[in-house]
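**Student:** what follows is a protein structure lacking sequence information:
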């Protein structure tokens, strides 16, 4: 049965509403589809980062000597935190200030003292 975008799945868990259309919902159980709907409303990475921290701590509590698990978990966590920082308002402001500083420097170099910095 074709239900979303030309994708046919066997053992599909029932009809989908318009809000549940897409590639993935047809492969999910009813509870997962409800969670998917809620997940679409979440912005940012705060919840994912918090979940990674909790899961990493739980896994290490069960296997405290598992260095490979620690390194893999920390790698994923560091990447998520770095991604969040790249897209944060502060990062955007810093980028703006740094760009403005470079442009001001170019203006002073090209136009000498005749250049006025914008405020």
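**Tutor:** Arrived safely. If you're wondering where the values come from, they're calculated on a predicted model, not measured in any experiment. Residues are numbered from 1 along each chain as shown.

**Student:** use CA for all of it now, contacts and neighbours both
**Tutor:** OK.

**Student:** need phi/psi at the most centrally placed residue in the chain.
**Tutor:** Closest to where the C-alpha atoms of the chain average out (CA atoms, centre = their mean) is residue 45, at 4.9 Å. According to degrees, to the nearest 10, the main-chain angles of residue 45 amount to phi -120, psi 10.

**Student:** is it correct that it is in contact with residue 80?
**Tutor:** Yes - with contact taken as CA atoms under 8 Å, residue 45 and residue 80 are classed as touching, separated by 7.3 Å.

**Student:** okay, the residue nearest to the centre of the chain: pLDDT?
**Tutor:** Looking at residue 45, its pLDDT stands at 87.

**Student:** same thing with the one 10 residues further on?
**Tutor:** The per-residue pLDDT reported for residue 55 equals 93.

**Student:** where's it, which helix or strand?
**Tutor:** Taking DSSP states H and E as the criterion, residue 55 maps to helix 46-62.

**Student:** other residues contacting stretch 82-100?
**Tutor:** When contacts are taken as CA atoms under 8 Å, 6 or more residues apart in numbering, the neighbours of stretch 82-100 outside the stretch itself are 44, 45.
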